[in-house]
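Asker: Just a sequence and a predicted model for now, questions to come.
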Amino acid sequence: MAFSSHLWSSLFLPNPNPNNILPRFPPKRSKLPAFAIPPLSTAAAAAAADVSGAIDGTTIAVVSGGFVAAVAAAVSLTDPERRRQLQAEEVGGGDKEVVREYFNNSGFQRWKKIYGDTDEVNRVQLDIRVGHAKTVENTLMMLKDEGSLQGVTVCDAGCGTGSLSIPLAKEGALVYASDISAAMVHEAQKQAEEQLLASENGSAPVMPTFVVKDLESLDGKYDTVVCLDVLIHYPQSKADGMIAHLASLADNRLILSFAPKTFYYDLLKRVGELFPGPSKATRAYLHSEADVERALQKVGWTIRKRGLITTQFYFAKLIEAVPM
C-alpha cells in the first residue's frame, strides 16, 4: 500500500549515513549501532529552505537540538487534532475514510511519482524512494532466506503500486495483493501487466491478483503475509487487532514494517505537526517495537528477524515473525 512510514518535514537534519541499513539480525537489541538515530545538529535550519513546501503532512521534523527544545514548548499551543477532525468531517468518516480519500486523489499522484522512476521528484521524494526500495529489497531477502518462492502463496497487504507484488511474482510466488485505494490498485495492475507479460525465456509469471480492500476485509490463508508501511495509519489500540488479524491469515510468516516510536522520533513528529505543509495528508502513528512484539506474542507469534532501514527522510523498522 501507499501508506508511508516515511518520516520527514520541511525542517530536517541531513543524516551523515544516509545509505546505511542496520544489521537485520543484531545480536542484542541493546547494542544497535550508534548511527541508527541521526545525531542532532545546528545545520538543520540552514537546510530548511531547500525542501520547504516540497512535502506533505504525514511527516516528522528532524531538526537541530536547540530548535527542538525551543519549538517543543509550542506544540501544546497548536491543534493538529482539530485539523485532523476537519479532514475526517470533509470525507464523512474517520481515519480510514481520510486515508482512502487521500490515496485515491492527491496522495496517489504524489506517491505514484515517489514509487515510480520519473525524474519529476524533488530530493526529499527521491530519498524516500531510495528508503522504500531498501525496505522492499530487505523484505525480498527475508522471504528468499528460506529458499525458492516458486509456488509460495503471499498476501501483499497494502500493495500500493506493486513495488513488492511484482518482484514477488517474478520470483514465482503466487501473489494476492490488496490496497484500500482503487487508484493504487489500478496502477499496480497496469505496472504488472507491463512488466510480467513475458520474461526473457518467453514464459510469463503468474499475474498477481489485485483487489481493492482495506486490511480489515482481508481473508483467506497464505504461506506468508507482508504488510509494509501501513501500520502508520493505525493507533496502537487498533494496531494490536490488525496485527492479530494479519497473523491469522498467515501459516508460516508475517513480515511487517512500521514507523518506530522512540522518545526522539515522537518528539520530532510532534514538532513536525507544527508544519503540516501545503497539502492535506493522513494522521501518522508511530509504534514501539515492544508494543508490536507484545501484540504478536498475544496471538502466539514471535519475532525471528528484525532490522532498521534509514535514509535522511525515511525510517522504518522491519520484522519477520513466525508462530511460536
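Answerer: Received the coordinates, thanks. Numbering: from 1, shown residues only.
Asker: right, and the helix or strand after the longest helix along the chain?
Answerer: For the chain, the helix with the greatest residue count under DSSP state H is helix 123-144. Counting by DSSP states H and E, the next helix or strand C-terminal to helix 123-144 is strand 153-157.
Asker: who touches that following strand?
Answerer: Here strand 153-157 makes contact (C-beta atoms under 8 Å, 6 or more residues apart in numbering) with 1, 143, 164-165, 168, 173-178, 208, 215, 218, 220-227, 230, 246, 249-250. (C-beta placed from N, C-alpha, C; glycine too.)
Asker: Give me the below-cutoff pLDDT ranges for this structure.
Answerer: For the chain, applying pLDDT under 70 flags the ranges 1-94, 198-202, 262-282.
Asker: can you pull out the strands in it?
Answerer: 153-157, 174-179, 209-212, 222-227, 250-258, 301-310, 315-323 (DSSP state E).
Asker: Those: which one's closest to Asp119?
Answerer: Closest to Asp119 of these is strand 301-310 (C-beta to C-beta; 23.6 Å).
Asker: thinking again about what came up before, the longest helix of the chain - contacts with which helices or strands?
Answerer: Helices and strands touching helix 123-144, by 3 or more C-beta pairs under 8 Å, 6 or more residues apart in numbering; DSSP states H and E, are helix 44-51, helix 106-115, helix 165-170, strand 222-227, strand 250-258, strand 301-310, strand 315-323.
Asker: so of the ones you listed, which one's packed in deepest?
Answerer: Highest mean neighbour count among those (mean count of other C-beta atoms under 10 Å): strand 222-227, with a mean of 24.
Asker: Now do that one and strand 315-323, the angle between them.
Answerer: Strand 222-227 and strand 315-323 are oriented at 160 degrees to each other (axes from the mean of the first three to the mean of the last three C-alpha atoms, to 10 degrees).
Asker: can you list contacts of strand 222-227?
Answerer: Residues from elsewhere that reach strand 222-227, judged by C-beta under 8 Å, 6+ apart: 1, 139, 143, 152-158, 164, 176, 215, 246-247, 249-257.
Asker: What about Ile232, how many residues nearby?
Answerer: Ile232 has 23 neighbouring residues, counting by other C-beta atoms under 10 Å.
Asker: What of the one 10 residues further on?
Answerer: Here the number of neighbours of Met242 (other C-beta under 10 Å) works out to 21.
Asker: For His233, see how far away it is.
Answerer: 10 Å (C-beta to C-beta, to the nearest Å).
Asker: and if you look at Ser165?
Answerer: Distance of Ser165 to His233, computed by C-beta to C-beta: 19 Å.
Asker: Please apply the same query to Thr139.
Answerer: 19 Å.
Asker: neighbour-wise, which of the two wins?
Answerer: His233 (27 against 23).
Asker: Tell me, how many residues neighbour Glu194?
Answerer: By other C-beta under 10 Å, neighbour count at Glu194 equals 9.
Asker: OK, contacts around it?
Answerer: Glu194 makes contact with no residue, according to C-beta under 8 Å, 6+ apart.
Asker: 10 Å instead?
Answerer: If a contact means C-beta atoms under 10 Å, 6 or more residues apart in numbering, then Glu194 has Ile166 as its contacts.
Asker: And for Lys238?
Answerer: Contacts of Lys238 by C-beta under 10 Å, 6+ apart are 95-96, 215-216, 231, 285.
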